[in-house]
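# Compute the structure for the input listed below.
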Amino acid sequence: MQFRDLHRQYERLKPEMDAAIAGVLEDAHYISGPQVKALEESLAQYAGAKHCISCANGTDALSLILHAWGVGPGDAVFVSDFTFFSSAECPACEGATPIFVDVREDTFNMDPDCLERCIQAVQGQGQLKPKAIVAVDIFGLPADFDRIEAIAQKYDLLLLEDGAQAFGGSLNGKMACSFGDASITSFFPAKPLGCYGDGGAVFTDNNELAALIRSLAVHGKGTEKYDNVRLGRNSRLDTLQAAILQVKLEAFQRFELHDIEAAAVYYTHRFGDKVRTPIIPEGYTSAWAQYSILLRDADERRRVMAVLKGQEIPAMIYYPRGMHQQTAFGRSEHLAYAYLRQAAAHPRQSHTGKIDRRNQQQDNDNQQILHDRPRLIRPDSPYPFNLQFKLRIWLIV
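This is a model prediction of the structure:
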């Protein structure tokens with residue numbers, strides 16, 4: 001069972017979607033058709049960025065930026081420890097060393113205090129050069145960019161906003177995917193704005209960076225079609241997906257975000273004090289990629305999972321381990337050293353199990369996230385699929 005009901009989504013948008021797809025089929029301009037440029041312009045305008053460059057997926061979007069910045073061996077890139085794998089995978093694939101930064105207990109976004117301690121630890125250790133920060137907007141909520149941007153400026157670091165989950169969210173009126181030196185989003189179907197396949201985008205106000213990324217995304221092309229001036233990759237959003245996203249972006253702006261917010265308010269009201277509901281700090285809005293609640297312990301989690309399963313509501317453990325616990329990163333001699341140094345001075349600050357002295361099984365139990373797709377809150381909703389966002393249950397004991 002899908003967490004987002006793509007069948008119902010399509011049925012709701014069927015006339016507009018069929019017309020958009022038919023237009024591409026009639027033109028037969030499947031690669032770099034006019035719909036791609038039109039979508040990029042609309043996305044840039046919505047996010048409040050000067051440039052939007054579409055690409056094949058959100059992972060490519062991250063890699064394109066890091067590659068354009070020249071991130072490589074000897075560089076330290078500071079990454080949220082609680083995130084999807086690609087946030088840390090991409091700097092590692094460029095040859096850099098990801099330094100995992102703990103997250104805040106209230107929002108689960110990167111902790112600015114921990115970030116600064118990690119930067120100072122790397123500087124003091126002297127083996128790596130602090131280069132960039134990848135700040136992830138988790139569950140639809142932008143990170144604390146007021147503080148993170150100040151830290152990036154203080155230490156002369158590049159800042160990349162990973163807005164894969166937060167397109168549509170905002171901080172003090174500024175939209176997600178417009179923070180830092182560059183930002184990305186993903187159009188994976190489960191994301192707030194998802195296509196019917198895969199896709200991603202880069203956002204930036206920097207003219208030179210935008211031009212370089214456009215080149216890198218198409219085999220390092222120059223001004224002429226077969227003039228390749230650098231090594232690049234093949235990472236283009238196809239015209240069909242662009243046409244689909246144009247339809248969905250219009251619905252996204254017109255009523256989807258409004259309905260999702262209404263659903264979140266409803267859940268928060270109905271849950272009351274039975275569980276800890278999502279914390280949305282003052283000045284923030286969430287795109288509600290997920291609705292997250294916290295339960296008391298693993299036993300309660302198991303009981304809730306059993307009830308959800310009995311109701312045929314999809315549920316799963318989400319991000320069952322931090323990045324530092326991933327097998328792919330377990331053998332690196334540098335990956336966690338900055339964190340471990342700061343952890344020695346703050347041995348109980350971890351919210352993802354990095355420095356607790358508990359055994360591994362208990363650590364895993366305490367870090368699980370369960371999510372499901374709730375029922376529609378009202379049967380007459382004008383846009384049913386947007387209420388089928390994920391309900392995630394995070395357990396802390």
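
# Verify the stated contact: Ala20 with Leu245.
No: with contacts counted by C-beta atoms under 8 Å, Ala20 stays clear of Leu245, the gap being 9.3 Å. Backbone N, C-alpha and C define where each C-beta goes, glycine included.

# Pick out whichever of the two has more residues nearby.
Here Ala20 and Leu245 are compared on neighbour count by other C-beta atoms under 10 Å; more neighbours surround Leu245, at 26 against 19.

# Which residues are in contact with that one?
39, 187, 193, 195, 199 (C-beta atoms under 8 Å, 6 or more residues apart in numbering).

# For Ala201, list each beta-bridge partner.
Ser54, Thr185 (DSSP bridges).

# got a list of what Val24 touches?
With C-beta under 8 Å, 6+ apart, Val24 has these contacts: 30, 33, 35, 239-240, 243.

# Quick check: the gap between Ile317 and Lys309.
Taking C-beta to C-beta, to the nearest Å as the measure, Ile317 falls 13 Å from Lys309.

# Comparing these two, which residue is more hemmed in?
The residue with more neighbours, out of Ile317 and Lys309, is Ile317; 17 against 12, by other C-beta under 10 Å.

# hey, what's the more buried one bridged with?
Bridge pairing for Ile317 - DSSP bridges - gives Leu370.

# if I look at it, how far off is Leu245?
Using C-beta to C-beta, Ile317 is found at 30 Å from Leu245.

# What are the boundaries of the helices in the stretch 1-150 of the chain?
In the stretch 1-150 of the chain, the helices defined using DSSP state H, counting those that start in this stretch lie at 6-27, 34-47, 58-68, 86-93, 112-125, 145-154.

# how far off helix 34-47 does the first one point, in degrees?
Looking back up the chat, that one is helix 6-27. 130 degrees (axes from the mean of the first three to the mean of the last three C-alpha atoms, to 10 degrees).

# With the shortest one instead?
Inter-element angle recorded for helix 86-93 and helix 34-47: 110 degrees (by the same axes, to 10 degrees).

# do the third one as well
When the same axes, to 10 degrees is applied, the directions of helix 58-68 and helix 34-47 differ by 80 degrees.

# Helix 58-68 - contacts with which helices or strands?
strand 51-55, helix 86-93, strand 158-162, strand 182-186, strand 200-204, helix 207-216 (3 or more C-beta pairs under 8 Å, 6 or more residues apart in numbering; DSSP states H and E).

# just how off-centre is the last one within its chain?
Translated: helix 207-216. 22 Å (C-alpha atoms, centre = their mean, to the nearest Å).

# mind putting the helices and strands packed on helix 58-68 in a markdown table, distance to Ala263 included?
Conversion of the helices and strands packed on helix 58-68 to a markdown table gives the following (distance: least, C-beta to C-beta, whole Å):
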| stretch | distance to Ala263 |
| --- | --- |
| strand 51-55 | 28 |
| helix 86-93 | 27 |
| strand 158-162 | 25 |
| strand 182-186 | 22 |
| strand 200-204 | 26 |
| helix 207-216 | 36 |
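
# Can you add mean pLDDT, distance to Glu261 and mean neighbour count and give those back as CSV?
Converted to CSV, these look like this (pLDDT from 0 to 100; distance: least, C-beta to C-beta, whole Å; neighbours: other C-beta atoms under 10 Å):
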stretch, mean pLDDT, distance to Glu261, mean neighbour count
strand 51-55, 98, 24, 25
helix 86-93, 96, 26, 23
strand 158-162, 98, 22, 26
strand 182-186, 98, 19, 30
strand 200-204, 98, 23, 29
helix 207-216, 98, 32, 18
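
# out of those, nearest to Val122?
Closest approach to Val122 among the helices and strands packed on helix 58-68 (C-beta to C-beta): helix 86-93, 13.5 Å.

# helices or strands next to that closest one in the packing?
Partner elements for helix 86-93 (3+ C-beta pairs under 8 Å, 6+ apart): helix 58-68, strand 75-80, strand 97-101, strand 129-136.

# how about a markdown table for the ones you listed, with distance to Ser178, mean pLDDT and mean neighbour count added?
Listed next are those as a markdown table, based on distance: least, C-beta to C-beta, whole Å; pLDDT from 0 to 100; neighbours: other C-beta atoms under 10 Å:
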| stretch | distance to Ser178 | mean pLDDT | mean neighbour count |
| --- | --- | --- | --- |
| helix 58-68 | 14 | 98 | 26 |
| strand 75-80 | 19 | 96 | 28 |
| strand 97-101 | 22 | 95 | 27 |
| strand 129-136 | 13 | 98 | 24 |
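
# can you list the ones you listed in TSV and add distance to Asp273?
As requested, the helices and strands packed on helix 86-93 are exported to TSV (distance: least, C-beta to C-beta, whole Å):
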stretch	distance to Asp273
helix 58-68	36
strand 75-80	29
strand 97-101	31
strand 129-136	29
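
# Nearest to Ala121, out of the ones you listed?
strand 97-101 (8.3 Å).

# so who does the closest residue to Ser32 other than its chain neighbours touch?
Among residues not flanking Ser32 along the chain, Arg236 sits closest, at 6.6 Å (C-beta to C-beta, 6 or more residues apart in numbering). Residues near Arg236 by C-beta under 8 Å, 6+ apart: 31-32, 36, 54-56, 217-218.
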